[in-house]
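**Student:** Could you work out the structure for the sequence below:
(chains A, B and C)
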Amino acid sequence: MNSQPRITLVTGGARSGKSALAETLAARHPGPRLYIATAEAWDDEMTQRIGQHRDRRGAAWQTVEEPLDLAGALRRTDGQGVRLVDCLTLWLSNLMAAGDKPAQQVPALCQALAAQHSPVVLVTNELGLGIVPENALARRFRDEHGWMNQAAAAAADQVWMAVSGLPLCLKPQRGIP
Amino acid sequence: MNSQPRITLVTGGARSGKSALAETLAARHPGPRLYIATAEAWDDEMTQRIGQHRDRRGAAWQTVEEPLDLAGALRRTDGQGVRLVDCLTLWLSNLMAAGDKPAQQVPALCQALAAQHSPVVLVTNELGLGIVPENALARRFRDEHGWMNQAAAAAADQVWMAVSGLPLCLKPQRGIP
Amino acid sequence: MNSQPRITLVTGGARSGKSALAETLAARHPGPRLYIATAEAWDDEMTQRIGQHRDRRGAAWQTVEEPLDLAGALRRTDGQGVRLVDCLTLWLSNLMAAGDKPAQQVPALCQALAAQHSPVVLVTNELGLGIVPENALARRFRDEHGWMNQAAAAAADQVWMAVSGLPLCLKPQRGIP
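**Tutor:** So this is what the prediction gives:
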């Protein structure tokens, strides 16, 4: 009997401990572990960050890179143990850079999530809690990102927010309206 | 018997589901529903956003526009059912653009809230959780906005924060210092 | 018998009521109260802010200024009652401006915290919840600040987040993974 959630979303700010929390939650599932990286190493800053995350996870994880077709990657790897997707923010950024429409791709991802048999832990960011960006592209990204987060949280059985490295449970919650 | 709160505040980041949560909470109150819009459609982005919100609310809502005199609008509409004010952030922005002083207008709003007999649901934003803005005007707005939020939350019986479309109850809370 | 926590961290956004919450929590401890200010008044904005905080605290508080050697200040003042450190964000900013390495200074601060006998209340900011800053220095500060917050939260017995003036308990929390 497994009482672990099937779909888990971990959100939080920059350097809030989201990825470490997601790894802890994923490691509760028995069996093999697959890391689905949406990041592409475009510059030194990113290469270093990817290396830090890989070192922390250690050898128990297999890694696949999938910057765009996340729904396909989940379908292809269902049945292969828990999948940790890190992260939706970069996936959305990659999508928009490639000219794909979030209004089509996000629902397609949610359909793929609904069809999964093996567990999935998704990492995303909270990035709409600052001053309105002056840059129109940043405003559009912030909008699309917020709608994506709402869809992913609705599709998840469990949602956590990392704050200063501490987990705050957002779903399920007692006393929800 | 009505155990619903009289004054409710809904806060959250951009595209966090604040307005939808506020509508859900307002719709729990029986009787007519009045939407008090503080937004003025200055550009295409805003016109589109106002239209999206209006479409979602549907025909059960009457709408009045009040960019500045929110205290007066609440007094004039008390007794006409639940009022949903969306949002305090734009109201503060309108005030400051008009040269009004938040240090006078925010307490006046709180006095009007304290005198209400019919329920009010207020929407605001959390916008102080990013890096310090380089722009001095943005810093001042962020300061005034934070003080306004503190005053509104103190005046409210119930406060919710929307995160990725999920409600987090901030007031009343067990274990408050 | 004193069931108050020894180390408390209060985080939150700009103008979220962090300092007032920290003062409330510190004032629960009996005995003298010492305010350790990391701020230096470099401009009018900061001078005014420091003055506002001092006026609110009132005469029950002694104040010492320590922009850099926070670990030393805590060691020197242990046994002198509760210490309120406001705030870690400015301390980190001072450190980095002085060319000190957060990777050395943050662990040194945590060691000093672990050795304290008298209570300490620390104030910090959540500042990683906006759009990625365009400025590389701001991104680096955001990273270092997030890691500092994680270390401080791990070292604390109790962690609170202020949102719109309301306290949200992050640690201890029921249902932590």
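
**Student:** mind checking how far the nearest residue to A:Leu166 once chain neighbours are set aside is from B:Pro30?
**Tutor:** Nearest residue to A:Leu166, sequence neighbours excluded (Cβ to Cβ, 6 or more residues apart in numbering or on different chains): C:Leu170, at 4.6 Å. Yep, even glycine has a C-beta here, placed from its N, CA and C like the rest. With distances taken as Cβ to Cβ, to the nearest Å, C:Leu170 is found 37 Å from B:Pro30.

**Student:** Tell me which residues touch the closest residue to A:Gly13 other than its chain neighbours, please.
**Tutor:** Distance criterion Cβ to Cβ, 6+ apart; nearest residue to A:Gly13, sequence neighbours excluded, is C:Gly128 at 3.3 Å. Contact analysis of C:Gly128 by Cβ atoms under 8 Å, 6 or more residues apart in numbering or on different chains lists A:Gly13, A:Ala14, A:Arg15, A:Ser16, B:Leu129, B:Gly130, C:Arg142, C:His145, C:Gly146.

**Student:** about what we covered before: from what I can see the residue nearest to A:Leu166 touches A:Gly165, true?
**Tutor:** No - C:Leu170 lies out of contact with A:Gly165 (Cβ atoms under 8 Å); the separation is 9.4 Å.

**Student:** buried set for stretch A:82-95?
**Tutor:** The neighbour-count check on stretch A:82-95 (16 or more other Cβ atoms under 10 Å in any protein chain shown) flags A:82-95 as buried.

**Student:** which residues touch the residue most central in space within chain A?
**Tutor:** For chain A, A:Val123 is the residue whose C-alpha lies nearest the centre (Cα atoms, centre = their mean; 2.6 Å). Shown in contact with A:Val123 (Cβ under 8 Å, 6+ apart): A:Val10, A:Thr11, A:Lys18, A:Ser19, A:Ala22, A:Leu84, A:Val85, A:Asp86, A:Cys87, A:Leu88.

**Student:** Go through chain A and flag its longest helix.
**Tutor:** The longest helix of chain A (DSSP state H) is helix A:136-155.

**Student:** So which bits of the helix-or-strand element of chain A with minimal mean pLDDT are buried?
**Tutor:** Counting by mean pLDDT, DSSP states H and E, the weakest-scoring helix or strand in chain A turns out to be helix A:44-57, with a mean of 80. For helix A:44-57, the neighbour count (16+ other Cβ under 10 Å) marks A:Ile50, A:His53, A:Arg57 as buried.

**Student:** and of the residues you listed, the nearest to chain B?
**Tutor:** The closest of the buried residues of helix A:44-57 to chain B turns out to be A:His53 (Cβ to the nearest Cβ; 21.9 Å).

**Student:** Next, the contact list for the closest one, please.
**Tutor:** Counting by Cβ under 8 Å, 6+ apart, A:His53 has contacts A:Ser19, A:Asp86.

**Student:** Could I get the full set of helices for chain A?
**Tutor:** A:18-26, A:44-57, A:70-77, A:88-97, A:102-114, A:136-155.

**Student:** what's the most buried one of those?
**Tutor:** Mean neighbours per residue, mean count of other Cβ atoms under 10 Å in any protein chain shown, is largest over those for helix A:18-26, with a mean of 22.

**Student:** Kindly calculate the angle that the longest helix of chain A makes with helix A:88-97.
**Tutor:** Helix A:136-155 runs at 130 degrees relative to helix A:88-97, counting by axes from the mean of the first three to the mean of the last three Cα atoms, to 10 degrees.

**Student:** And helix A:136-155, how far out from the chain middle?
**Tutor:** A distance of 13 Å separates the centroid of the chain from that of helix A:136-155, by Cα atoms, centre = their mean, to the nearest Å.

**Student:** Next: stretch A:110-118.
**Tutor:** Stretch A:110-118 has its C-alpha centroid displaced from the chain centroid by 14 Å (Cα atoms, centre = their mean).

**Student:** Other residues contacting the longest helix of chain A?
**Tutor:** With Cβ under 8 Å, 6+ apart as the criterion, helix A:136-155 contacts A:7, A:9, A:11, A:88-89, A:92-93, A:96, A:102, A:106-107, A:109-110, A:113-114, A:122, A:124-128, A:132-133, A:159, A:170-171, B:13-17, B:45, B:164-166, C:131.

**Student:** near chain C at all, stretch A:29-37?
**Tutor:** No - shown here: stretch A:29-37 not in contact with chain C (Cβ under 8 Å from any Cβ of the partner chain), separated by at least 12.2 Å.

**Student:** CA atoms only for that stretch, dumped as PDB, please.
**Tutor:** C-alpha atoms of stretch A:29-37 as PDB (Å, rounded to 0.1, in the frame of the first residue of the first chain):
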ATOM      1  CA  HIS A  29       9.100   6.800  -3.400                       C
ATOM      2  CA  PRO A  30      10.600   3.300  -3.600                       C
ATOM      3  CA  GLY A  31      12.400   2.200  -6.800                       C
ATOM      4  CA  PRO A  32      14.500   4.000  -9.500                       C
ATOM      5  CA  ARG A  33      14.700   7.700  -9.700                       C
ATOM      6  CA  LEU A  34      14.800   9.800 -12.900                       C
ATOM      7  CA  TYR A  35      15.700  13.400 -13.100                       C
ATOM      8  CA  ILE A  36      14.100  15.300 -16.000                       C
ATOM      9  CA  ALA A  37      16.200  18.500 -16.500                       C
END
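
**Student:** in it, what counts as buried?
**Tutor:** By neighbour count on 16+ other Cβ under 10 Å, the buried set for stretch A:29-37 is A:His29, A:Arg33, A:Leu34, A:Tyr35, A:Ile36, A:Ala37.

**Student:** give the contact list for the residue lying closest to the last one once chain neighbours are set aside.
**Tutor:** Counting by Cβ to Cβ, 6+ apart, A:Glu65 is the residue found nearest to A:Ala37 once chain neighbours are left out, at 4.9 Å. Taking Cβ under 8 Å, 6+ apart as the definition of contact, the neighbours of A:Glu65 are A:Ile36, A:Ala37, A:Thr38, A:Ala39, A:Glu40.

**Student:** mind checking how far the residue of chain A most remote from its centre is from chain B?
**Tutor:** Distance to the chain centre peaks in chain A at A:Glu134, reaching 26.6 Å (criterion: Cα atoms, centre = their mean). Going from A:Glu134 to chain B by Cβ to the nearest Cβ, to the nearest Å gives 8 Å.

**Student:** Same check on A:Leu109?
**Tutor:** Distance from A:Leu109 to chain B, by Cβ to the nearest Cβ: 15 Å.

**Student:** quick one: pLDDT of the residue nearest to that residue when sequence neighbours are not counted?
**Tutor:** Of all residues not flanking A:Leu109 in the chain, A:Ala71 sits nearest, at 5.0 Å (Cβ to Cβ, 6+ apart). A:Ala71 is assigned a predicted lDDT (pLDDT) of 98.

**Student:** And for A:Met1?
**Tutor:** So A:Met1 comes in at 34 (pLDDT).

**Student:** where does chain A dip in pLDDT?
**Tutor:** Low-confidence regions of chain A, defined here as pLDDT under 70, cover residues A:1-3, A:174-177.

**Student:** what does it put close to chain B?
**Tutor:** Residues of chain A lying near chain B (Cβ under 8 Å from any Cβ): A:9, A:11, A:13, A:124, A:126-132, A:134, A:139, A:142-143, A:145-147, A:149-154, A:159, A:161, A:168, A:170-171, A:173, A:175-177.

**Student:** one more time with 6 Å, if that's ok
**Tutor:** A:11, A:128-131, A:142-143, A:146-147, A:149-150, A:153, A:161, A:170-171, A:175-177 (Cβ under 6 Å from any Cβ of the partner chain).

**Student:** Would you quantify the distance from A:Gln17 to A:Val123?
**Tutor:** To be clear, residue A:17 is Gly; Gln isn't right here. A:Gly17 is 11 Å from A:Val123, where distance means Cβ to Cβ.
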